[in-house]
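[1] with the sequence up front, the predicted model follows.
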Amino acid sequence: MYQATQWCRHFIALQVKPGDLCIDATMGNGYDTELLCRLAGKQGCVLAFDIQQAALQNTRKRLLDTKAPDNYRLILDSHAHMDQYADAESVSCIVFNFGYLPGGDHSLATCPLTSVAAVEQSLFLLQKGGLLSLCIYSGGDSGFEERDALLTYLKNLNPRRYLVILSSYYNRPNHPPLPVLVRKL
């Protein structure tokens, strides 16, 4: 089955060029971190955030096992603090997968307050032409509050400054994830 993350990765691959600064705002098990490292290349840099030590360990193992370029910094901190690690308009691509760590503790998940704050910071950090990729999971463990808060925030962005594309898996049951792309104009 074609996953929402695969859909987003297609556009991420079109965006990121060697030498770019990128952020994986929710590193999880490191799949997006690895992709960003490869796309940014040795001259680039990837900052990857998570609040769980297990995510850092899983990601570090993935990056070493796959021999990804050593162009990353794994940061044990909330994505709501990423503005402390990068300058305004310096980032080419920022990736989010909201929800919980796959295979991890489902009681530890992203939440509306910090997620909206992190997306707001992302728009400040993105360079013109930069891409924000979000996979928004809802239902089950994640609930709908975060999805609704993020969608409300995104809907109210200035259309002269941002292009927001919301996709949906229209024929899938049980609240499939929503892939969203935001381009800074």
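    Cool, the structure landed.

[2] ranges for the helices of this protein?
    All helices of the chain, identified by DSSP state H, fall at 4-15, 31-40, 53-65, 112-125, 145-155.

[3] looking at these, which is nearest to Leu185?
    helix 112-125 (11.1 Å; C-beta to C-beta). For glycine as for every other residue, the C-beta is placed from the backbone atoms N, C-alpha and C.

[4] any idea how far that closest one is from the chain center?
    In terms of C-alpha atoms, centre = their mean, to the nearest Å, the centre of helix 112-125 is found 11 Å from the chain centre.

[5] the inter-axis angle of that helix versus helix 145-155?
    Put simply, helix 112-125 runs at 30 degrees to helix 145-155, going by axes from the mean of the first three to the mean of the last three C-alpha atoms, to 10 degrees.

[6] surely Glu146 meets Leu134?
    No: with contacts counted by C-beta atoms under 8 Å, Glu146 stays clear of Leu134, the gap being 10.9 Å.

[7] what is in contact with the two at once?
    Phe98 (C-beta atoms under 8 Å, 6 or more residues apart in numbering).

[8] one step back: can you tell which of the helices of the chain is closest to Ala80?
    For those, the distance to Ala80 is smallest for helix 112-125, at 4.1 Å, taking C-beta to C-beta.

[9] for that closest one, packing partners?
    When contacts are defined as 3 or more C-beta pairs under 8 Å, 6 or more residues apart in numbering; DSSP states H and E, helix 112-125 packs onto strand 91-97, strand 126-136, helix 145-155.

[10] which of those comes out lowest on mean pLDDT?
    Between the helices and strands packed on helix 112-125, the one with the least mean pLDDT is helix 145-155; it has a mean of 93.

[11] can you list contacts of it?
    98, 110-113, 115-116, 119-120, 134, 136-138, 164, 166, 178, 180, 182.

[12] any quick ChimeraX command for the buried ones out of those?
    Per 16 or more other C-beta atoms under 10 Å, the buried members of those correspond to this ChimeraX selection:
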select :98,110,112,115,116,119,134,136,137,138,164,178,180,182
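
[13] which of the helices of the chain sits most buried?
    helix 31-40 (a mean of 24; mean count of other C-beta atoms under 10 Å).

[14] could you export that helix as PDB, CA atoms only?
    C-alpha atoms of helix 31-40 as PDB (Å, rounded to 0.1, in the frame of the first residue of the first chain):
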ATOM      1  CA  TYR A  31      13.700   7.300   7.800                       C
ATOM      2  CA  ASP A  32      13.200  10.900   6.900                       C
ATOM      3  CA  THR A  33      16.500  11.900   8.600                       C
ATOM      4  CA  GLU A  34      18.300   9.400   6.400                       C
ATOM      5  CA  LEU A  35      16.600  10.600   3.200                       C
ATOM      6  CA  LEU A  36      17.400  14.300   4.000                       C
ATOM      7  CA  CYS A  37      21.100  13.300   4.800                       C
ATOM      8  CA  ARG A  38      21.400  11.600   1.400                       C
ATOM      9  CA  LEU A  39      19.800  14.400  -0.500                       C
ATOM     10  CA  ALA A  40      21.700  17.200   1.300                       C
END
